[in-house]
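> output the structure for:
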Amino acid sequence: MIYRSKAPLRLGLAGGGSDVSPYSDIYGGAILNATINKYAYASIEPRADGKIVLNSEDTDTHIEFESTDALPINGRLDLCKGIYNRVVKDYAGKALSFTLTTYVEAPPGSGLGTSSTLATAILGAFAEWLKLPLGEYDMAHLAYEIERIDLNMAGGKQDQYAATFGGVNYMEFYADDKVIVNPLRIKSKVLNELAHNLVLYYTGTSRVSAKIIEAQQQNVKTKKTKSVEAMHNIKKQATTMKEALLREELDNIGKILDFGWQQKKQMAENITNPELDNLYEIVRAAGATGGKISGAGGGGFMFFYCPGNTRFKVIRELEKLGGDIKRYQFVTQGLQTWTVK
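Reported below is the predicted structural model:
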């Protein structure tokens, strides 16, 4: 038997950062995101030889252990190990023997929610194998707890919920880890036009999002006025973006993205840099009406709204800069699991 899962990566369209504690605990957060047809995959094959084998195919990392009820957290495939440790502790109650193989269709630190999506996929594969009684909210919250509490990885809450639920969602975040996912009924023609006009560009650089997020958290704790006000505006942006999509007012998307990008740069240092600022000005001059970095900032993916047929001129300008244009479509289905006999 092989137990498989896949979970979609996401584009954070608006509100990014307001899902991070302590901001969401104090003020409440709001995010609008949408999943795309780029995935994190996980497969579990039970073994009978008392071994645990972890294979990360996209990072070419392979580790083998004797079966034990707690794997060491030491910087190598800690996400895989942390999820296993929690599953044994809370559900299995005993050491397991298996091969876990993972693959993600985007580089680590690229800003599409890769680590949290992978966490959700791995947890989904364990749930398929062990028949764990986890609903969608349970699955997302457990993935969040493992990352943020068990493994002490800095970050927000949106990615685990996006990966689990899938689709276009307006999410609300409150104190005590309360999350409300509001699926939006967006017509397929609107999603097709949005995907056509949003050009997704990989800058060729990854970044350690934790450092940026930690700076953002510190700014909230110390009540740094400029940063907190920017986060208030980012939260409002999520509502504005939601209304524009539901009303099919796509011509406003670029302007809303630009507003959010200007605010996001005030949230913490290192969200942008001279190279990214120059890139942004180039695409604006080529016809894009707005855009943003995907994720915490500092590198990874950016996307730009290009109305009409301006995407082609924007793409030509981006290709001169040496990064990669990534084709994608929006998808409505979240985490999927299945068994191969």
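> center of this structure - which residue?
Closest residue to the average C-alpha location of the chain: residue 113 at 2.0 Å, with C-alpha atoms, centre = their mean.
> list the residues that contact it.
Residues in contact with residue 113 (C-beta atoms under 8 Å, 6 or more residues apart in numbering) are 9-10, 12, 158-159, 162-163, 295. Glycine gets a C-beta too; all of them are placed from N, C-alpha and C.
> continuing past the lengthiest strand in the chain, what's the next helix or strand?
In the chain, with assignment by DSSP state E, the single longest strand is strand 29-46. Following the chain from strand 29-46 toward its C-terminal end, the next helix or strand by DSSP states H and E is strand 51-56.
> how about that next one: buried residues?
Burial within strand 51-56, assessed by neighbour count using 16 or more other C-beta atoms under 10 Å, is assigned to 52-56.
> so what's residue 57 closest to, chain neighbours aside?
The spatial neighbour of residue 57 that comes closest, neighbours along the chain excluded (C-beta to C-beta, 6 or more residues apart in numbering), is residue 103 at 4.5 Å.
> show me what the host helix or strand of that neighbour is packed against.
For residue 103, the enclosing helix or strand under DSSP H and E is strand 98-104. Using 3 or more C-beta pairs under 8 Å, 6 or more residues apart in numbering; DSSP states H and E as the contact test, the elements touching strand 98-104 are strand 29-46, strand 51-56, helix 78-87, helix 114-130.
> who wins for proximity to residue 198 among the ones you listed?
strand 29-46 (9.4 Å; C-beta to C-beta).
> helix/strand/coil for residue 108?
Here residue 108 is recorded as coil under DSSP: H, G, I helix; E, B strand; the rest coil.
> I'd say it and residue 102 touch.
No. Look at residue 108 against residue 102 with C-beta atoms under 8 Å: they stay out of range, at 11.6 Å.
> neighbour-wise, which of the two wins?
Shown here are residue 108 and residue 102; by other C-beta atoms under 10 Å, residue 102 has more neighbours (24 against 16).
> how close does that one sit to residue 159?
16 Å (C-beta to C-beta, to the nearest Å).
> re the thing from before, restrict the strand holding residue 103 to CA atoms and write it as PDB.
This file holds the C-alpha atoms of strand 98-104, laid out as PDB (Å, rounded to 0.1, in the frame of the first residue of the first chain):
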ATOM      1  CA  PHE A  98       7.700   3.700   6.900                       C
ATOM      2  CA  THR A  99       9.200   5.600   4.000                       C
ATOM      3  CA  LEU A 100       8.100   9.200   3.500                       C
ATOM      4  CA  THR A 101       8.700  10.800   0.200                       C
ATOM      5  CA  THR A 102       8.000  14.500  -0.400                       C
ATOM      6  CA  TYR A 103       8.200  16.900  -3.300                       C
ATOM      7  CA  VAL A 104       7.300  20.500  -3.700                       C
END
